[in-house]
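>>> A structural model of the following input is requested.
(one chain, ligands or ions: 3)
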Amino acid sequence: MEKKILEAIDLTRLPRHVAIIMDGNGRWAKARGLERTAGHVEGVNTVRRITETASELGLEYLTLYAFSTENWNRPQAEVDALMHLIVVAIERETPDLIKNNVRLTMIGDRSRMPAEAMRRLEQCMADTSHCNGLTLVLAISYSSRWEITEACRLIAAKAAAGEIDPADITDATVAANLSSAGIPDPDLLIRTGGDYRVSNFLLWQIAYAEIYVTDIYWPDLDADSFGRAIIQYQSRERRFGLTSEQLQ
Ligand code: IPE
Ligand code: IPE
Ligand code: MG
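Ligands and ions are numbered 1, 2, ... in the order given. Take a look at the predicted model:
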């Protein structure tokens, strides 16, 4: 990261958790006359770069939206290419994750994942389970509505079994039954590719996240742009519904 940018970041006030909607791979490729898949291949390099930057800065959690429930409806060849990339990237990057003390976890519907991709992911999660630096959360086969619906099902089953009283259900009960249970809510949500939408990502968890949208396509996002997002985040006043005076 450029020295000037690094120096502008207040390392004592970092977001604990940054979540990113990695968008724009297809447009990046199209702009170069390449197949969409070439954008996904380049996007994997950005995953590596941003994970390293987040880890070096000392962030606790980085969640990357890699594949949504709705993305299953893309052309089969693109879905297959993305799943294959996940397998290859996980296999290739596991040693460096361990070296950088990064723990991998996953949120999303594991039952829809191809067996081979799931096997590699599970192996990488097991191999990095002892790491206590950055936690990298991959959202794969993930959508927030899927996750919230699953939580409802789990809570309803516990209520039906007499394990919980419906009157005792709080927002903490809901949070504890999401696939993100135990992970603090994101402080900063970044979307690349310039679109101002959330695309079914962490709807419950981003209740008070600061949102940062950049026109940069995901394959082009570098450490400096990531640093700029954090600087912008640090300039915001997070009021959580209170007045500015109350925060003084
Ligand atoms: C994001 O890039 C990656 C995934 C959704 C898997 P896109 O593939 O959505 O790229 P654009 O938005 O079409 O440019
Ligand atoms: C969001 O990107 C999902 C991921 C980054 C995995 P999409 O490209 O699928 O979202 P839309 O279609 O622009 O809303
Ligand atoms: Mg897109």
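>>> beyond whichever strand or helix holds Y212, next helix or strand please.
Applying DSSP states H and E as the criterion places Y212 in strand 210-213. Sequence order places helix 223-234 as the next helix or strand after strand 210-213, per DSSP H and E.
>>> and the average pLDDT for that next one is what?
Averaged over helix 223-234, pLDDT sits at 98.
>>> just stretch 166-175 next, same as before
Regarding stretch 166-175, the rounded mean pLDDT is 98.
>>> who touches it?
With C-beta atoms under 8 Å, 6 or more residues apart in numbering as the test, stretch 166-175 has contacts from 148, 151, 155, 159, 164, 181, 204. Using the backbone N, CA and C atoms, a C-beta is placed for each residue, glycine as well.
>>> neighbours of the fifth one, how many?
I164 is flanked by 15 other residues according to other C-beta atoms under 10 Å.
>>> ok, and the most crowded of the contacts of stretch 166-175?
When neighbours are taken as other C-beta under 10 Å, the top entry among those is A151 (20 neighbours).
>>> the longest helix along the chain packs against which elements?
In terms of residue count, the longest helix belonging to the chain (DSSP state H) is helix 76-99. The contact analysis (3 or more C-beta pairs under 8 Å, 6 or more residues apart in numbering; DSSP states H and E) places helix 76-99 against helix 36-57, strand 61-68, strand 103-107, helix 115-127.
>>> just the ones you listed: most buried one?
strand 61-68 (a mean of 24; mean count of other C-beta atoms under 10 Å).
>>> is any residue of it near ligand 2?
Yes. Strand 61-68 comes into contact with ligand 2 (C-beta under 6 Å from any ligand atom), by way of 65-68.
>>> in the protein, what residue lies closest to ligand 1?
The chain approaches ligand 1 most closely through G26 (2.9 Å), counting by C-beta to the nearest ligand atom.
>>> count the residues that sit near that residue.
G26 has 21 neighbours, counted by other C-beta under 10 Å.
>>> what number of residues lie near the residue nearest to D215 when sequence neighbours are not counted?
Nearest in space to D215, with sequence neighbours left out and distances taken as C-beta to C-beta, 6 or more residues apart in numbering, is G194 at 4.1 Å. G194 has 13 neighbouring residues, counting by other C-beta under 10 Å.
>>> how would you label G194: helix, strand or coil?
Three-state call for G194 (DSSP: H, G, I helix; E, B strand; the rest coil): coil.
>>> tell me the contacts of it?
Contacts of G194 (C-beta under 8 Å, 6+ apart): 24, 213-215.
>>> now, the contacts of stretch 166-175 that are in helices?
148, 151, 155, 159.
>>> how about the third one: what's its closest non-neighbour residue?
Spatially, and ignoring its direct neighbours in sequence, I155 is nearest to N177 (5.5 Å; C-beta to C-beta, 6+ apart).
>>> so what's that neighbour up against?
With C-beta under 8 Å, 6+ apart, N177 has these contacts: 150-151, 154-155.
>>> can I get those residues in TSV including pLDDT?
What follows is the contacts of N177, written out as TSV (pLDDT from 0 to 100):
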residue	pLDDT
E150	98
A151	98
L154	98
I155	98
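>>> for stretch 165-185, how far is the first residue from the last?
26 Å (C-alpha to C-alpha, to the nearest Å).
>>> can you point out the buried residues in that stretch?
Using 16 or more other C-beta atoms under 10 Å as the test for burial, stretch 165-185 gives 174-175, 177-180, 183, 185.
>>> next one: stretch 90-109
Buried residues in stretch 90-109, defined by neighbour count with 16+ other C-beta under 10 Å: 90, 93-94, 97-98, 100, 102-109.
>>> repeat that for stretch 202-210.
For stretch 202-210, by 16+ other C-beta under 10 Å, it's 202, 205-206, 209-210.
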